[in-house]
Structure formats: C-alpha cells, structure tokens
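Engineer: show me how the following folds:
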Amino acid sequence: MALAFDLQDFLIRARVLKLYRQALRVTRRAPVDARGELRTTIRQEMENSRDCNDGQKIRYLLSEGRERLKRVDEMLDMQGHPE
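Structural biologist: Below you'll find the model as predicted:
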C-alpha cells in the first residue's frame, strides 16, 4: 500500500534524502579506516528520527544535520582531505 504524501511532506522528504546523500558523499573524503564508522553513525542518526512526524522538529533536525555536516566537511578540509 502506498503512503499518501501532501506536497509539504514530499518536499521535506526530498530535503531529508538530499542531506543523507550529501553526508554519504562527504564520507568519501574521510580516511579509509574511518569511513565505515562515519557511514554507520550517519545511518543511525537518520534511523533514530525516521518516525518523527512533527514538522517543526523535522525542520530543526534538518538544520542541525546541515550544521553538523558543515563541521565535518570543514574538519576534513583542515586535515588535508580535499574534495
């Protein structure tokens, strides 16, 4: 049975998936021995919030996720792992 999404749900879902894909792309720049753990952490963070239906909380989590991803990206830059 397919779930019925309204436009807002569809847009939020697209943003969540975009953040997840961006996070996985950043892991490619991490040291080889840390990639698996980083991917596992990203996946677990997404799974922990999978059943959240509160739009305000989802927007907060997206914002927090983007900030955390930005910090990881900057950290990798400082460590000399270019894009």
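Engineer: which residues in the chain form helices?
Structural biologist: Along the chain, counting by DSSP state H, helices occupy 7-27, 32-48, 55-78.
Engineer: which strands or helices does the last one pack on?
Structural biologist: Spelled out, that is helix 55-78. Judged by 3 or more Cβ pairs under 8 Å, 6 or more residues apart in numbering; DSSP states H and E, the packing partners of helix 55-78 are helix 7-27. Yep, even glycine has a C-beta here, placed from its N, CA and C like the rest.
Engineer: residue ranges in the protein under the pLDDT threshold?
Structural biologist: Within the chain, the ranges that satisfy pLDDT under 70 run 1-4, 82-83.
Engineer: residue nearest the middle of it, spatially speaking?
Structural biologist: residue 20 (3.5 Å; Cα atoms, centre = their mean).
Engineer: neighbours of the residue nearest to that one when sequence neighbours are not counted, how many?
Structural biologist: Excluding the flanking residues, the one nearest residue 20 by Cβ to Cβ, 6 or more residues apart in numbering is residue 46, at 5.7 Å. If you count neighbours by other Cβ atoms under 10 Å, residue 46 ends up with 16.
Engineer: the one 5 residues further on now?
Structural biologist: The burial metric for residue 51, expressed as a neighbour count using other Cβ under 10 Å, is 6.
Engineer: what do you get for residue 23?
Structural biologist: Residue 23 has 22 neighbours, counted by other Cβ under 10 Å.
Engineer: need the nearest residue in space to it, chain neighbours excluded.
Structural biologist: residue 42 (4.7 Å).
Engineer: contacts only, for the one you found.
Structural biologist: Residue 42 sits next to 20, 23-24, 27 when contact means Cβ atoms under 8 Å, 6 or more residues apart in numbering.
Engineer: any chance of the residues you listed in a markdown table, with distance to residue 77 too?
Structural biologist: Listed next are the contacts of residue 42 as a markdown table, based on distance: Cβ to Cβ, whole Å:
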| residue | distance to residue 77 |
| --- | --- |
| 20 | 21 |
| 23 | 16 |
| 24 | 18 |
| 27 | 14 |
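Engineer: which one of the residues you listed sits closest to residue 50?
Structural biologist: Taking Cβ to Cβ as the measure, residue 50 lies nearest residue 20 of these, at 11.1 Å.
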